[in-house]
Structure formats: C-alpha cells, structure tokens
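>>> what's the 3D shape of this:
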Amino acid sequence: MMSGTRLTTSERALLVVPLLGGIAFGVLPFLLPVDFPRAVGYSGDDPFVARLAGAAAFGYAVALVVGMRDGRWELLRNVVLATLVFNVVSLAACGIEVASARATPIVYAIIAADVVIVSVTGLLLARHGARPEGPRDVAAYVVPLLVLATLTAGTAGARYLTFSLTPAN
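Numbers count the residues shown, from 1 in each chain. This next block holds a predicted model:
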C-alpha cells in the first residue's frame, strides 16, 4: 500500500468515472425530484428521497473534484471510501428492483455505472489503503456518537422502506 502518496495522472483519470457517475445520477434527481423518476418509469411520489439521493450522488462528485485538483491521497481517501460504500449500497438497491421484477432501463444503467465505480474505487483503496495515518484527530466521544447516529439513521431508513414498500390494502 502506498499511503501518504499523491495520485498519479492515470489514477486521477480513473476518478473521472465516479465523478461523471455522481453528476449523471445526482443532478437530475436533485433538480427534478418528481419529473426525473417519472421520465425513467417510476412514480415520482417521493421527491424527498429522490432529492436526497441526488444530493448525495452529486456531493461525491463535488468532493472528488476538490480532491482531484490537489491530488493527495490523504484528502481523497474518505471520499473514495464513501463513494465505494454508496455504490455498493446502490447495487444492493438495484438488485432488489431486479429481483422484484420492477426494474426499468435506468436501473440497469445504474448497475453498469455502479460496477465500474466500485471497481475504480476498490482499486484505488487497494493501492493506497483506507487506513488514516497519524494520531486520531477527533475527540474520543465522536466515534460512539457516530455509531449511535448511524444505527439511528439505519433504523429510521429501514422503517421508512418497510412502510413505503408495503403494498396498500
């Protein structure tokens, strides 16, 4: 692993893939949270979730641009790791759509993009490592607080999905 290094020109070029994915799948759901889902075969009945997903995807693109300009792995490590996790979860969501026979062509486009983005981010993490260097730079209470916040958000998200995916009687 090459921790503490700068990205090569080819590694920066590879990051264009998740950058473009973040733009392509982020801007339209964020700006058109009802019309975009309808245009690709979904109801558009949940603009809040569409806008959140769009903001998250586009946010990774913005963070990648900032990190790519500087080129230091230390600044990009967390963004690349978060991009990997986001796209793995996206693959799982797409898998649910495919398994339930509700997938539209956009789902297959997202799957293709996810596979490439997971490959790129996984390659960079394998080359440079995901472990931060140096001493911890946050207070000790922050870690359990983030664990609690993550569990709370995950529980709320699971409850939301359970209720939103349950067919009406």
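
>>> Whatever helix or strand residue 19 lives in - contacts with which helices or strands?
Per DSSP states H and E: residue 19 is located in helix 16-24. For helix 16-24, the packing partners by 3 or more Cβ pairs under 8 Å, 6 or more residues apart in numbering; DSSP states H and E come out as helix 47-70, helix 73-99, helix 105-128. Where you see a C-beta, it was placed from the backbone N, CA and C, and this is true even at glycine.

>>> Check which residues of it are buried.
By neighbour count with 16 or more other Cβ atoms under 10 Å, helix 16-24 contains the buried residues 17-19, 21-23.

>>> What of stretch 72-88?
Within stretch 72-88, the residues that count as buried by 16+ other Cβ under 10 Å are 73-74, 76-77, 79-80, 83-84, 86-87.

>>> Of all those residues, the one with the weakest confidence?
Checked by pLDDT, the buried residues of stretch 72-88 have residue 74 as the lowest-scoring entry (86).

>>> any idea how far residue 147 is from residue 85?
15 Å (Cβ to Cβ, to the nearest Å).

>>> on that earlier part again, show me which pair in the buried residues of stretch 72-88 is furthest apart.
Longest distance between any two of the buried residues of stretch 72-88 is 21.8 Å, between 74 and 87; criterion Cβ to Cβ.

>>> ok, back up a step: figure out which of the helices and strands packed on helix 16-24 is closest to residue 142.
helix 73-99 (14.2 Å).
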